[in-house]
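Participant: I need the structure of the sequence given here:
(chains A and B)
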Amino acid sequence: MSPGLLHYLAVSGLIFLIGLAGVVVRRNIIVVYMCLELMLAAGVLAMVVFSRFLGQTDGQVFVFFIITVAAAEVAVGLALIVALFRARRTTRLDELNTLRF
Amino acid sequence: MPGALWWLLLLLPIGSALLITAVLRPYRVASAAVSVFSAGACFMLAVWGVASGAAAPEPVAWLRASDWVVMVAMMLDPLAEVMLLVVTGVGFVIHVFSLGYMSDDPGRSRFFGGLSLFMFSMTGIVVSGNLVMTFIFWELVGVSSYLLIGFWFERPSAAAAANKAFIVNRIGDFGFLLGILAVWGTLGDLGFGPLRAKIEAGALDTAPWLPVFLMALGLFCGAVGKSAQVPLHVWLPDAMEGPTPVSALIHAATMVAAGVYFLCRVFFLIEMSVPALDVIAWTGGATALVAALIAVRQDDIKRVLAYSTVSQLGYMVMAVGLAAPAAAMFHLCTHAFFKALLFLAAGSVIHALHHQQDIWKMGGLRTAMPVTFWTFAAGALALAGCPGLSGFFSKEAILEAAHETASPLLWLGLLTAFLTAFYMSRLAMVAFFGEGRERRAREAKESPAVMVVPLVVLAVLSVVGGGLGIYGVLRGEAAAADAEGHGWLVPALSFLVFAAGVGTGAWLYRDRERDPLRLGALRDKLYFDEVYGATVVAANGRLAQFWDWFDHFVISSLFVRGTGLVAGGVGNACRFLQGVGASGYAFLFAAGAALLLLWAAVR
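Facilitator: Numbers count the residues shown, from 1 in each chain, chains lettered A, B, ... in the order given. Below is the predicted model of the structure:
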């Protein structure tokens, strides 16, 4: 039995939820960032699946763009985290609360 | 003279004041020169204009409010012309005197700037053609008077006196403003010419008496403040804190007479209310008597003269109230001459004695300062009503008016005249006769020519001022016919009280070291200041305290800070919503998205 659309979407949803849970519960900013990427990957997977089951290539073309942009985004995000670490000597999310009232 | 040149009367002094204040402040000689020049030019201009009978210039529209226009207009009838000559003439003489009196004062520029500003405002009152202009210039003389009384503002007493003069005048001016509004409300016009035309056409003939009475009383209020009538006379004696030329010019000859001048100007309006005339006459009479009583027991040479000024102003106001405005103006003119003279002579004495003003520390100045003494004597005799001198004629005109109306004010006037002669002879005896009581008095020298010449000029005017025909001009042609019809009673009585007053004074104060009369109540100015202090001033203080409390605790705390506190409290109550950190936001965001999805799914 070959896997159907729902199986793929279930995997995608599962990965998304794992990522979300990580973003919510983890305190280390790098881990949070990785979990964010995980959520992005889940979205990409769903797109590829839809593209395949609909028999169109549009979705796959989008995925290439997303992967490219995500690579650039990771570079920027990591650079920000490094700069933040240098300024604050911490990567813990709950210690970065200067803007809070 | 072309009529348009009249504007120079106003432009010259204000130009001089602005020039001195803006540019010439550091250059004392230049400031004095500019100011004296402008005063002299104004006098020349006034003489030329009056002599050539130049018509008043075209009025200029100043303010337009729909169909109502406020004009800058001049009114130049005989009344204004006489007053104009007095103001510019006496003003010029006093400017010259100031050159000598203020020669060693570092603030001379400021002084002459103030004098020029005053000349501008005073001339404005004299030539003003409507009530709006009068009111504006009225306030302007108040300001210049304030500036000049407080000229030596380093002295707390001078600063307090300036404030007192300004504040007491505010009370009168408030009534004045109400009076102007009442005129505007009942007659619908503010120009003197149109008002007179309306009243002559019978605009007030059918009006009920009360509004007319209140209107006249409102206008009178302005004069009560400016001309220092009881009960608002308290500022004038304190105003002697200013330099003596200022006392002579503003607080004796011109500004304080502006109230009387104004009453004569609007006399056609005031006489429509007989009760108002009674109030005016009795206020004037009371002022004349009260001030003369106080003057009997003052020791400061300038204060004696100040109370004498109040008393004489009361005389003039009384004359207005007795429906004799021409007599009032006549006395105003002669009084301007001899009172300016007396003040300048006092200034000459004070200058020579290095600012000693207590008459009991003077004495013997008759030989040391002969010109000052003789001119002072001429002024004092004129004020006391010596027959043949100017004061006798003008005072007699007023008493004659009282006699004609068979008013008991005649006796009040005579009593005042007696007191006047008495305190002037006291002043002359104590300050000028006998031996010098202090070293400064014994070493006094005559003042320089720049101060003495103005004294002589004014002395001549004081002596002959009664015969210059001023009275005839003021009464107009119609009334001049019956001018000779006097009885002998009033002149005889005036001479009698003059002789009695001078005689008593000379006998009582001959070779005294100390005042033989005790009269503590008079020395303490009949406790006017104390009563005001305990009532008006104290009540105001209480009220101010209450409002301070109200402002502090109700406005500030309850309303302003209270609002802030409420906003802050609401904010604090809501802050937990924003206090969960980045992960919390992510969770809430995800939860929200999930809820939306759920909602979309079940719908």
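Participant: next SSE downstream of the helix or strand hosting B:Gly193?
Facilitator: Using DSSP states H and E, B:Gly193 sits in helix B:192-200. As assigned by DSSP H and E, the chain's next helix or strand after helix B:192-200 is helix B:209-226.
Participant: so what does that following helix touch, helix or strand wise?
Facilitator: Helices and strands touching helix B:209-226, by 3 or more Cβ pairs under 8 Å, 6 or more residues apart in numbering or on different chains; DSSP states H and E, are helix B:131-149, helix B:156-187, helix B:255-265, helix B:267-270, helix B:274-295. In this view, the C-beta of every residue, glycine as well, is placed from N, C-alpha and C.
Participant: Throw those helices into TSV and include mean pLDDT, distance to A:Gly55 and mean neighbour count, thanks.
Facilitator: Listed next are those as TSV, based on pLDDT from 0 to 100; distance: least, Cβ to Cβ, whole Å; neighbours: other Cβ atoms under 10 Å in any protein chain shown:
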stretch	mean pLDDT	distance to A:Gly55	mean neighbour count
helix B:131-149	93	94	22
helix B:156-187	92	94	18
helix B:255-265	92	106	27
helix B:267-270	90	107	22
helix B:274-295	92	110	23
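Participant: dump these to CSV, plus distance to B:Met1.
Facilitator: Shown next, in CSV, are the helices and strands packed on helix B:209-226 (distance: least, Cβ to Cβ, whole Å):
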stretch, distance to B:Met1
helix B:131-149, 22
helix B:156-187, 32
helix B:255-265, 23
helix B:267-270, 28
helix B:274-295, 36
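Participant: of those helices, give the one that comes closest to A:Cys35.
Facilitator: Closest to A:Cys35 of these, according to Cβ to Cβ: helix B:156-187, at 77.5 Å.
Participant: helices of the stretch 251-400 of chain B, start to end?
Facilitator: Shown for the stretch 251-400 of chain B, the helices assigned by DSSP state H, counting those that start in this stretch span residues B:255-265, B:267-270, B:274-295, B:301-321, B:325-352, B:365-368, B:370-384, B:390-404.
Participant: okay if I get those helices as CSV plus distance to A:Gly59?
Facilitator: Listed next are the helices of the stretch 251-400 of chain B as CSV, based on distance: least, Cβ to Cβ, whole Å:
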stretch, distance to A:Gly59
helix B:255-265, 98
helix B:267-270, 99
helix B:274-295, 102
helix B:301-321, 105
helix B:325-352, 107
helix B:365-368, 119
helix B:370-384, 116
helix B:390-404, 115
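Participant: rebuild these as TSV, extending it with distance to chain A.
Facilitator: Converted to TSV, the helices of the stretch 251-400 of chain B look like this (distance: least, Cβ to the nearest Cβ, whole Å):
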stretch	distance to chain A
helix B:255-265	65
helix B:267-270	71
helix B:274-295	70
helix B:301-321	69
helix B:325-352	72
helix B:365-368	83
helix B:370-384	81
helix B:390-404	82
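Participant: around chain A, pick out the residues from the stretch 501-603 of chain B.
Facilitator: B:Arg575, B:Gln578, B:Gly579, B:Gly581, B:Ala582, B:Ser583, B:Ala586, B:Phe587, B:Ala590 (Cβ under 8 Å from any Cβ of the partner chain).
Participant: the fifth one: which element?
Facilitator: Going back to what we said before, that points to B:Ala582. Element membership for B:Ala582, per DSSP H and E: helix B:581-602.
Participant: in that helix, what counts as buried?
Facilitator: B:Gly581, B:Ala582, B:Ser583, B:Ala586, B:Phe587, B:Ala590 (16 or more other Cβ atoms under 10 Å in any protein chain shown).
Participant: any idea which of the residues you listed is least confident?
Facilitator: Note: of those, the lowest pLDDT belongs to B:Gly581, at 71.
Participant: that one touches A:Arg92, doesn't it?
Facilitator: No. Counting by Cβ atoms under 8 Å, A:Arg92 is not a contact partner of B:Gly581; they are 10.5 Å apart.
Participant: residues touching the residue lying closest to B:Asn130 once chain neighbours are set aside, list them.
Facilitator: Spatial nearest neighbour of B:Asn130, excluding adjacent residues (Cβ to Cβ, 6 or more residues apart in numbering or on different chains): B:Gly191 at 4.3 Å. For B:Gly191, the contacting residues are B:Met71, B:Ala73, B:Gly129, B:Asn130, B:Leu131, by Cβ atoms under 8 Å, 6 or more residues apart in numbering or on different chains.
Participant: picking up where we left off before, restricting to C-alpha, output the helix holding B:Gly193 in CSV.
Facilitator: The C-alpha coordinates for helix B:192-200 follow below in CSV (Å, rounded to 0.1, in the frame of the first residue of the first chain):
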residue,chain,number,x,y,z
PHE,B,192,-17.5,112.7,22.7
GLY,B,193,-19.0,114.7,19.8
PRO,B,194,-21.7,112.2,18.8
LEU,B,195,-22.5,111.6,22.5
ARG,B,196,-23.0,115.2,23.2
ALA,B,197,-25.2,115.6,20.1
LYS,B,198,-27.3,112.6,21.2
ILE,B,199,-27.8,114.0,24.7
GLU,B,200,-28.6,117.4,23.4
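Participant: output the contacting helices and strands for it.
Facilitator: For helix B:192-200, the packing partners by 3+ Cβ pairs under 8 Å, 6+ apart come out as helix B:156-187, helix B:267-270.
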